[in-house]
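**Student:** Only the shape, not the letters, is given here:
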Ligand SMILES: Nc1ncnc2c1ncn2[C@@H]1O[C@H](COP(=O)(O)OP(=O)(O)OP(=O)(O)O)[C@@H](O)[C@H]1O
Ligand SMILES: [Mg+2]
């Protein structure tokens, strides 16, 4: 596990951008954290580093937004609304195995659909400071262990 503390919205985006430089086709990134933790903020940085210039906004009502103008396609998902199931109808496997990068907010609601390997990132608010966040990286599988090692070096 790799842990990194940030002190601002911009710093979270910067970490997302550093990860955006390293992701590959088929990378699966799970972002966990409370409402307003910074999952979409992190995704904005990642998208920018992929060269996506469109404004990245929360896909809460569409569940999945695809951005295809960058180095790799970005599939940005927010499955908060699937708290009571339905994730099996989204065809997630095709996204996860696709040519793009999948970034999923609230992945705990589609746990049945998780692939074997993924990078889970936990974003935690720090009680004493409005802007501070703890980012906890939990890689699953060798590919993602390597990715986190590269990220730690880049940061
Ligand atoms: N260090 C920080 N990292 C990320 N966001 C921060 C930070 N400090 C303050 N913020 C603010 O917290 C909010 C995070 O909102 P964001 O939409 O990214 O959260 P989210 O985790 O995607 O929430 P939701 O579960 O509702 O989708 C933004 O208003 C952002 O400016
Ligand atoms: Mg969000």
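**Tutor:** Arrived safely. On a predicted model such as this, the values are computed, not experimentally measured, just so you know. Ligands and ions are numbered 1, 2, ... in the order given.
**Student:** Which positions in this protein make contact with ligand 2?
**Tutor:** Within reach of ligand 2 by Cβ under 5 Å from the ion, the chain has these residues: 39, 40, 58, 105. Placement of C-beta: from N, CA and C, glycine included.
**Student:** hmm, try it at 6 Å
**Tutor:** 39, 40, 58, 78, 105 (Cβ under 6 Å from the ion).
**Student:** Of those, which belong to strands?
**Tutor:** Using DSSP state E, 78, 105 are the members of the residues of the chain next to ligand 2 that sit in strands.
**Student:** Got a quick PyMOL command for the buried subset of the residues of the chain next to ligand 2?
**Tutor:** Per 16 or more other Cβ atoms under 10 Å, the buried members of the residues of the chain next to ligand 2 correspond to this PyMOL selection:
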select buried, resi 39+40+78+105
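**Student:** got the residues of the chain next to ligand 2 as a markdown table, with distance to residue 124 and pLDDT columns?
**Tutor:** Formatted as a markdown table, the residues of the chain next to ligand 2 follow (distance: Cβ to Cβ, whole Å; pLDDT from 0 to 100):
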| residue | distance to residue 124 | pLDDT |
| --- | --- | --- |
| 39 | 12 | 98 |
| 40 | 16 | 97 |
| 58 | 19 | 82 |
| 78 | 19 | 94 |
| 105 | 15 | 96 |
